[in-house]
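Asks: sequence plus predicted model, see below.
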Amino acid sequence: MASPQGSLEFGGPLGAAALMLVLPATMFHLLLVARSGPARLLGPPPYLPGPEALWSPRALQLVLAWLGLQAALYLLPARKVAEGQELKNKSRLRYPINGFQALVVTTLLVGLGVSAGLPLDALPEMLLPLAFAATLTAFVFSLLLYLKALVAPASALAPGGNSGNPIYDFFLGRELNPRISSFDFKYFCELRPGLMAWVLINLALLLKEAELRGSPSLAMWLVNGFQLLYVADALWHEEAVLTTMDITHDGFGFMLAFGDLAWVPFTYSLQAQFLLYHPQPLGLPMASVICLINAIGYYVFRGANSQKNTFRKNPSDPRVADLETIPTATGRQLLVSGWWGMVRHPNYLGDLIMALAWSLPCGVSHLLPYFYLLYFTALLVHREARDEQQCLQKYGLAWREYCKRVPYRILPYVY
Ligand SMILES: NC(=O)C1=CN([C@@H]2O[C@H](COP(=O)(O)OP(=O)(O)OC[C@H]3O[C@@H](n4cnc5c(N)ncnc54)[C@H](OP(=O)(O)O)[C@@H]3O)[C@@H](O)[C@H]2O)C=CC1
Ligand SMILES: CC(C)CCC[C@@H](C)[C@H]1CC=C2C3=C(CC[C@@]21C)[C@@]1(C)CC[C@H](O)C(C)(C)[C@@H]1CC3
C-alpha cells in the first residue's frame, strides 16, 4: 500500500515476496516445534516434513467443508443488518450481524457431532496437513480475488495494493470490499472461519489432553477459556469490525486471506498445542494471578474499544457525552479524556496484556508459547504507525494537537 509519500509499505514487492514465503514457513516451523521435545523457538525444526506429511485430500475436504458451513451460517437471516463506513462513491455497504449466532450454531453442531462419535481428538494429529490445506486455499482464493479485481471499477479499489506490481498487489489486495451479490468475502473471513477454527483446535487439544492424561490440565483450561472469551467477544461486537482499518482501508489479498484462514487458527492456538506436548504444572494461586491479568487486559481492551465505538456512533450518548474532545476540520471529534486520553491506543495495550495472560499458563521454561506476545507486539507497533499516518492525513493539525495532549502511543510513560 502506498504511504502518504507514495512509497510502498512492507518493503515493496521484495518485502511482500519475502513475507509470502516467511509467514507460511514460520507457521509450519511453529507447528513442528510445538510437538518436538526441546520445543526451541529459535532452533531448527526437528525435521523437514515430506509431501506425504503435508498433503492430504481429506484435510483439504475438511477445510472446504468448514468454509462451506461458515458461509451457509453467514447467509442465515441476521438479527441486524449494519451499514459500513461511507465509501469513495458516497455509498455504504450493508453487512449481516449474525457472527455470534454462527458461533452458537457451530458449537451446537460440534457438540452433537462429538456426542455422535465425531473424532475431534484426531484433529491434533492432522494440524500439519490442515494448515497446508488452509494455506493452499488462501493462496488460490487470493489469486481469484486478484483476478476479480482486474474487472472491478476503479471506485472499488483499495487506497493501497494498486501499485501496478503484481506481486505487491497480490499480497496487499487490490479490491477494498470484494463481494458476490451481498456476500462480502473480507468481512466473512475476518471474523468467522479462522476465529472459530482457532477455538475448535483449542477444544480438540483439550479433549486430546483429557484422553492422554485423564483430564485436561488447569493451564489448558485457562488457555481455552481466555481465548474462547476473546473470540466470543469479537463475534458479539461484530459490528465494530466495520471501522477497523482492515475493512475500511486495506484491500483483500494474500496477507489478510492467509492471516484470517491459516495464520490465526494455526499459530494463535500455539499455547494449547505446546501444552498438549509439554504439560506444565500450575497451582491455584498462580492461576488466580493469571486470571486477574487476563481480566485487567480484557477490561482495558473492551472499555477502550466500546468507548470509541459508542462515541463514533453517537457523541451525545450519555456514556461518553462528558468526555473531553478536540474538534477536527472533518467535523469529527477526537477523544482526549477517558481511555483515549491515557494513551493513543489503549485498546492495543489491553490486547497485549491479554496476550501475556495467554502465555503465562505455559510457564517460563520455554520461549515458544511467548511467540504470540512477541509477534503481536511487532504487529501492533507496526499497525499503530500505519494508523498514525492515516490519522495525520485525515485530521492534520488536530491530530498533532492530540499527540501533544496524549504523548504516549501504547504504554504510558514508556512508548
Ligand atoms: N488479535 C489480533 O490479531 C489483532 C487484534 N487487533 C485489535 O483490533 C482492535 C481494533 O484495532 P484497529 O483496527 O487497529 O484500530 P482502532 O480500533 O484503534 O482504531 C483506530 C481508529 O480510531 C479512531 N481514533 C483514534 N484515536 C481516536 C480518538 N482519540 N478519539 C476518537 N477516535 C479515535 C481513528 O479512526 P476514525 O477517527 O476514523 O474513527 C483511528 O483510525 C484493537 O483492539 C486491536 O487490539 C488488531 C489487529 C490484530
Ligand atoms: C499474516 C500476517 C502476519 C498478518 C495478518 C494479520 C491478521 C492475522 C490480523 C489483522 C487484523 C486482525 C484482526 C483480528 C484477528 C487478526 C487479524 C485478522 C480480530 C478479528 C481479532 C478479534 C478482535 O476482537 C478484533 C478487534 C475483532 C480483531 C480485528 C483485527
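Replies: Structure received. All figures in this text were calculated on a predicted structure; none of them were measured in a lab. Ligands and ions are numbered 1, 2, ... in the order given.
Asks: ignoring the adjacent residues along the chain, who's closest to Ser306?
Replies: If the residues on either side of it in the chain are set aside, Ser306 comes closest to His237, at 7.6 Å by C-beta to C-beta, 6 or more residues apart in numbering. Bear in mind the C-beta positions are built from the backbone N, C-alpha and C, glycine included.
Asks: burial count for that neighbour?
Replies: Neighbours of His237 under the rule other C-beta atoms under 10 Å: 17.
Asks: look up how far ligand 1 lies from it.
Replies: Separation of His237 from ligand 1 (C-beta to the nearest ligand atom, to the nearest Å) stands at 10 Å.
Asks: swap in Tyr413?
Replies: Distance of Tyr413 to ligand 1, given as C-beta to the nearest ligand atom: 18 Å.
Asks: over to Gln393?
Replies: Taken as C-beta to the nearest ligand atom, the span from Gln393 to ligand 1 is 10 Å.
Asks: mind checking the SS state of that residue?
Replies: Assigned with DSSP: H, G, I helix; E, B strand; the rest coil, Gln393 falls in the helix class.
Asks: also Lys88?
Replies: Per three-state DSSP, Lys88 ends up coil.
Asks: I figured it hits Ala158, correct?
Replies: No: using C-beta atoms under 8 Å, Lys88 is not in contact with Ala158, being 10.2 Å away.
Asks: the residue of the stretch 251-400 of the chain found nearest ligand 2: neighbouring residues, count only.
Replies: In the stretch 251-400 of the chain, the residue that lies nearest ligand 2 is Gly259 (2.7 Å; C-beta to the nearest ligand atom). Residues within reach of Gly259, counting by other C-beta under 10 Å, total 18.
Asks: number the chain from 35, please
Replies: Will do, 35 is the new start, and the previous item becomes Gly293.
Asks: let's verify it: helix, strand, or coil?
Replies: What three-state DSSP gives for Gly293 is helix.
Asks: identify the residues contacting the nearest residue to Leu309 once chain neighbours are set aside.
Replies: Among residues not flanking Leu309 along the chain, Met254 sits closest, at 5.0 Å (C-beta to C-beta, 6+ apart). Shown in contact with Met254 (C-beta atoms under 8 Å, 6 or more residues apart in numbering): Leu239, Leu240, Glu243, Ala306, Leu309, Leu310, Pro395.
Asks: distance of the fifth one from Arg434?
Replies: As judged by C-beta to C-beta, to the nearest Å, Leu309 and Arg434 stand 46 Å apart.
Asks: between those two, which is the more surrounded one?
Replies: The residue with more neighbours, out of Leu309 and Arg434, is Leu309; 28 against 11, by other C-beta under 10 Å.
Asks: mind listing what the more buried one touches?
Replies: Counting by C-beta under 8 Å, 6+ apart, Leu309 touches Leu239, Glu243, Ser251, Ala253, Met254, Val257, Pro395, Cys396, Pro403.
Asks: report the two of these separated the most.
Replies: For the contacts of Leu309, the maximum inter-member distance is 14.9 Å, found between Glu243 and Pro403 (C-beta to C-beta).
Asks: between those two, which one's more packed in?
Replies: More crowded of Glu243 and Pro403, by other C-beta under 10 Å: Pro403, with 28 against 24.
Asks: for the chain, which residues score under the pLDDT cut-off?
Replies: Along the chain, the model assigns pLDDT under 70 to residues 35-40.
Asks: up against ligand 2, what does it have?
Replies: Residues of the chain lying near ligand 2 by C-beta under 6 Å from any ligand atom: 57, 224-225, 268, 275, 278, 280, 289, 292-294, 297-298.
Asks: so which of these belong to helices?
Replies: With DSSP state H as the criterion, helices contain Leu57, Glu224, Leu225, Ala268, Asp280, Met289, Phe292, Val298 from among these.
Asks: roughly how far apart are the nearest residue to the last one once chain neighbours are set aside and Gly365?
Replies: Same thing as Val298. Once flanking residues are discounted, Val298 sits nearest to Gly228: 3.9 Å by C-beta to C-beta, 6+ apart. As for Gly228, its distance to Gly365 is 36 Å (criterion: C-beta to C-beta).
Asks: with Gln341 instead?
Replies: Counting by C-beta to C-beta, the gap from Gln341 to Gly365 is 20 Å.
Asks: count of neighbours near Tyr311?
Replies: With neighbours defined by other C-beta under 10 Å, the count for Tyr311 comes to 16.
Asks: mind listing the strands for the stretch 335-449 of the chain?
Replies: For the stretch 335-449 of the chain, the strands defined by DSSP state E, counting those that start in this stretch cover 359-361, 367-369.
Asks: need the contact list for Ala296.
Replies: Pro58, Met61, Ala165, Ala168, Thr169, Thr171, Ala172, Gly228.
Asks: mind doing that once more with 7 Å?
Replies: Applying C-beta atoms under 7 Å, 6 or more residues apart in numbering, one finds that Ala296 lies in contact with Met61, Ala165, Ala168, Thr169, Ala172.
Asks: ok, the residue of the stretch 185-334 of the chain found nearest ligand 1 - how many residues close by?
Replies: Distances between the stretch 185-334 of the chain and ligand 1 by C-beta to the nearest ligand atom are smallest at Thr278, namely 3.3 Å. Residues lying near Thr278 (other C-beta under 10 Å) number 14.
Asks: tell me the backbone dihedrals of it, please.
Replies: Per-residue torsions, Thr278: phi -80, psi 160 (degrees, to the nearest 10).
Asks: which one is it nearest to, not counting chain neighbours?
Replies: Nearest non-adjacent residue to Thr278 (C-beta to C-beta, 6+ apart): Glu224, at 8.0 Å.
Asks: what of Pro403?
Replies: Of all residues not flanking Pro403 in the chain, Cys396 sits nearest, at 3.5 Å (C-beta to C-beta, 6+ apart).
Asks: what do you get for Tyr333?
Replies: Leaving aside its sequence neighbours, Tyr333 sits nearest to Gly384 (C-beta to C-beta, 6+ apart; 7.1 Å).
Asks: got the contact list for that neighbour?
Replies: Applying C-beta under 7 Å, 6+ apart, the residues near Gly384 are Gly331, Tyr332, Val334, Phe335, Ala338.
Asks: inside helices: which ones of those?
Replies: Short answer: those in helices (DSSP H) are Gly331, Tyr332, Val334, Phe335, Ala338.
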